[in-house]
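> Model the following, please.
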Amino acid sequence: MTPREYAELAGAAYKAVPDIGQEDGAARIIVTETSDDLIFSIPGTNNLACLGADIDALTHDAGEFGHVHAGIWGAFDEVWPEAAKLAPSALCGHSEGAAGALYLGARFCLAGMPPKVIHAFEPPRTSIDPKLADIFKARSVEVHIYHHGHDAVPLVPLSIPGQAWQHAGPVTQFGKASSIFPNLDDHMIAAVIADL
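Down below sits the predicted model:
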């Protein structure tokens, strides 16, 4: 599958009834089975529960996963027992859902079921140390993190002294910016899909 096809799955997840998690919850997973792959696609923020998870940007010590975004980690921790019953070969998500895809992907790695690939479209920064990235590297997981135009979301949380927020792998910058300033127009999944 192409990056655009994964982005389309992430976009379609916003309108789908979740297979894992509640429609009004902060962590919702759509499960798609193809002839070759089992794919988790995860929508981003579009309800109050997601917003609450986004705002809780304190760090949480997740042990071997490192110090992570407390709200988003906590949201996806709730659905992990159900998600862990499956072994997706690919995960994709947008925004908060992209961060969730990375967190779940890392958990699958340490559960002995590493996915082949993760496509994270416009995620916020996910940790303040390199432990997530190290987990993926050690298991040869293809991690694709995308930053479209001048989208503001991949730039947050902002680092402060003692907390150097970072992504879980290299970031691919792409697409035409709608403004010279960080903005949310470039964050929209439709704009991401169009430029892919």
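> So the residue nearest the centre of the chain: helix, strand or coil?
In the chain, the centroid-proximal residue (C-alpha atoms, centre = their mean) is Ala98; its distance is 1.6 Å. With DSSP: H, G, I helix; E, B strand; the rest coil as the basis, Ala98 sits in helix.
> residue contacts, it?
Going by C-beta atoms under 8 Å, 6 or more residues apart in numbering, Ala98 touches Ala10, Ile42, Gly44, Cys92, Ala120, Phe121, Glu122, Pro123, Ile145. In this view, the C-beta of every residue, glycine as well, is placed from N, C-alpha and C.
> In terms of helices and strands, where is the fourth one?
Assigning secondary structure by DSSP states H and E places Cys92 in strand 90-94.
> what sits up against that strand?
Counting contacts by C-beta under 8 Å, 6+ apart, the residues outside strand 90-94 that touch it are 1, 6-7, 9-11, 13-14, 37-44, 98-101, 104-105, 115-123, 189, 192.
> Quick one: buried ones out of the residues you listed?
In those, burial by neighbour count holds for 6-7, 9-11, 13-14, 39-44, 98-101, 104-105, 115, 117-123, 189, 192, counting by 16 or more other C-beta atoms under 10 Å.
> Mind checking which of these are in helices?
Using DSSP state H, the members of those that fall within helices are 6-7, 9-11, 98-101, 104-105, 189, 192.
> a markdown table for these, including pLDDT and distance to His69?
Below are these laid out as a markdown table (pLDDT from 0 to 100; distance: C-beta to C-beta, whole Å):
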| residue | pLDDT | distance to His69 |
| --- | --- | --- |
| Tyr6 | 97 | 22 |
| Ala7 | 98 | 22 |
| Leu9 | 97 | 23 |
| Ala10 | 98 | 19 |
| Gly11 | 98 | 22 |
| Ala98 | 98 | 12 |
| Ala99 | 98 | 6 |
| Gly100 | 98 | 10 |
| Ala101 | 98 | 13 |
| Leu104 | 98 | 14 |
| Gly105 | 98 | 15 |
| Ile189 | 98 | 20 |
| Val192 | 98 | 21 |
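> Widest-spaced pair of the residues you listed?
Leu104 and Val192 (20.3 Å; C-beta to C-beta).
> Helices of the chain, start to end?
Ranges of helices within the chain are 3-12, 48-55, 70-83, 96-110, 131-138, 189-195, based on DSSP H.
> Just tell me which of those helices ends up closest to Leu158.
Closest to Leu158 of the helices of the chain is helix 48-55 (C-beta to C-beta; 13.7 Å).
> which ones are touching Gly11?
Per C-beta under 8 Å, 6+ apart, neighbours of Gly11: His94, Ile189, Ala190, Val192, Ile193.
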